[in-house]
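> Task: produce atomic coordinates for the following.
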Amino acid sequence: MSADVEALLAQAESQLDGRARELHRALAASLVELFGEGLARVLALAPPELVRALADDEKVAPLLALCGRHPDPPADRARRALEDAAAALGSVGVRLVSLTSEEPRLRVELQAERGEVVVEDRVRGLVEAIVAARAPEIDWIDLVITGVTSSFVPLERLRVAR
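You can find the predicted model right below:
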């Protein structure tokens, strides 16, 4: 889902009372279901090469995933997303070693690049963003980083007990 849509949904929810919030959620779910039924019809009528092109399209693929109509399993989409993001993973000092799935869970094993200091929170945030963009159905990622990692905790995460 685009950041704009997510921000608008969050803003609307924050301004609604309990009953209105329930109606808002029901309306959003009904719209997703309606769009999903329409997309299912398009996919059923389209030739296989068009289905593949739609599934690979950067604008259409997230809609298919959101509506539960993407033809590829979430784990396959997550794997491709992480493989496509090799440069981004390298920028935080890791590379993809393996990915296994027991949907809706995903186990991602990364290897710290030789001599790199890896901040696990940064890596986790990046991996979660990459996977969520192409496989939003994945609701849990077990992240394993082999090699040297840092136990560095960013200052903003520290809290003083009072």
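> residues making contact with stretch 16-26?
12-13 (CB atoms under 8 Å, 6 or more residues apart in numbering). In this view, the C-beta of every residue, glycine as well, is placed from N, C-alpha and C.
> Could you list the domains of this protein?
3-66, 74-146 (automatic domain parsing).
> any chance of these in JSON lines, plus mean neighbour count and mean pLDDT?
Shown next, in JSON lines, are the domains of the chain (neighbours: other CB atoms under 10 Å; pLDDT from 0 to 100):
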{"stretch": "domain 3-66", "mean neighbour count": "12", "mean pLDDT": "89"}
{"stretch": "domain 74-146", "mean neighbour count": "16", "mean pLDDT": "91"}
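> Spatially central residue in this protein, please.
residue 132 (0.5 Å; CA atoms, centre = their mean).
> got the contact list for that one?
Shown in contact with residue 132 (CB under 8 Å, 6+ apart): residue 138.
> swap in residue 61?
Residue 61 makes contacts with 54-55, 70, 77, 134, as judged by CB under 8 Å, 6+ apart.
> Against residue 54, how distant is it?
Counting by CB to CB, to the nearest Å, the gap from residue 61 to residue 54 is 8 Å.
> what's the offset of the longest helix along the chain from the middle of its chain?
Scanning the chain for the helix with the most residues, using DSSP state H, yields helix 18-45. Remark: helix 18-45 is offset 20 Å from the chain centroid, using CA atoms, centre = their mean, to the nearest Å.
> rewinding a little: closest one of the contacts of residue 61 to residue 124?
residue 134 (17.1 Å; CB to CB).
> tell me what the helix or strand just after the longest helix of the chain is packed against?
Downstream of helix 18-45, the first helix or strand assigned by DSSP states H and E is helix 48-56. Packing contacts for helix 48-56, counted by 3 or more CB pairs under 8 Å, 6 or more residues apart in numbering; DSSP states H and E, involve helix 18-45, helix 60-66.
> again, only this time at 7 Å
helix 60-66 (3 or more CB pairs under 7 Å, 6 or more residues apart in numbering; DSSP states H and E).
> Going toward the C-terminus from the helix it packs on, what's the next helix or strand?
helix 74-84.
> Next secondary structure after that next one?
helix 86-91.
> need the contact list for residue 39.
Remark: with contacts taken as CB atoms under 7 Å, 6 or more residues apart in numbering, residue 39 is in contact with 63-64, 67, 69.
> Can you check the pLDDT for the closest residue to residue 40 other than its chain neighbours?
Computed as CB to CB, 6 or more residues apart in numbering, the closest residue to residue 40 that is not its neighbour in sequence is residue 69, at 5.4 Å. Turning to residue 69, the model gives it a pLDDT of 95.
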